[in-house]
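Q: Sequence and predicted structure are below.
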Amino acid sequence: MIMVSNSRVYSGVSFKGEYSIEDFCAIGVPPRGKKEGELLTVIGFGAVIRTHTVIYAGNTIGDNFQTG
């Protein structure tokens, strides 16, 4: 796991194995009308989440996913 301290991972996010999160990311952001942790967010093995990525709660992301 590689994660920088200036990114935010909300409650309700589950990581499956190794992953990398770069600067200024927000993972598991609750969509309008939902509370933090209400929707499960799953990030697959080997995910690379690059700078300034926002992933909303309720998504399931597969293995080896990469943002750009």
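A: Structure's in. What do you need?
Q: For the residue sitting nearest the centre point of the chain, list each beta-bridge partner.
A: Centroid-nearest residue in the chain: I27, 3.3 Å away (criterion: C-alpha atoms, centre = their mean). Note on I27: beta-bridge partners by DSSP bridges are V9, I55.
Q: OK, contacts around it?
A: Counting by C-beta atoms under 8 Å, 6 or more residues apart in numbering, I27 touches 7-10, 13, 21, 41, 43, 49, 53, 55. For glycine as for every other residue, the C-beta is placed from the backbone atoms N, C-alpha and C.
Q: which one of those sits closest to K35?
A: Nearest to K35 among these, counting by C-beta to C-beta, is Y10 at 10.2 Å.
Q: Quick check: that closest one touching E38?
A: No - Y10 lies out of contact with E38 (C-beta atoms under 8 Å); the separation is 10.2 Å.
Q: With neighbour numbers in mind, choose between the two.
A: A direct count of neighbours by other C-beta atoms under 10 Å for Y10 and E38 places Y10 higher, at 17 against 13.
Q: Look up the pLDDT of the residue lying closest to that one once chain neighbours are set aside for me, please.
A: When the adjacent residues along the chain are set aside, Y10 lies closest to G28, with 3.6 Å between them (C-beta to C-beta, 6 or more residues apart in numbering). Note for G28: predicted pLDDT of 97.
Q: Next: the one 5 residues further on.
A: You'll see G33 listed with a pLDDT of 97.
Q: Any quick PyMOL command for the buried ones out of the contacts of I27?
A: Here is the PyMOL command that selects the buried residues among the contacts of I27 (16 or more other C-beta atoms under 10 Å):
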select buried, resi 7+9+10+13+21+41+43+49+53+55
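Q: Tabulate the contacts of I27 (CSV), appending pLDDT and distance to F65.
A: Compiled in CSV, the contacts of I27 are given as follows (pLDDT from 0 to 100; distance: C-beta to C-beta, whole Å):
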residue, pLDDT, distance to F65
S7, 94, 16
R8, 95, 18
V9, 95, 15
Y10, 96, 18
V13, 97, 14
I21, 94, 12
T41, 98, 12
I43, 97, 7
I49, 96, 8
T53, 96, 10
I55, 97, 10
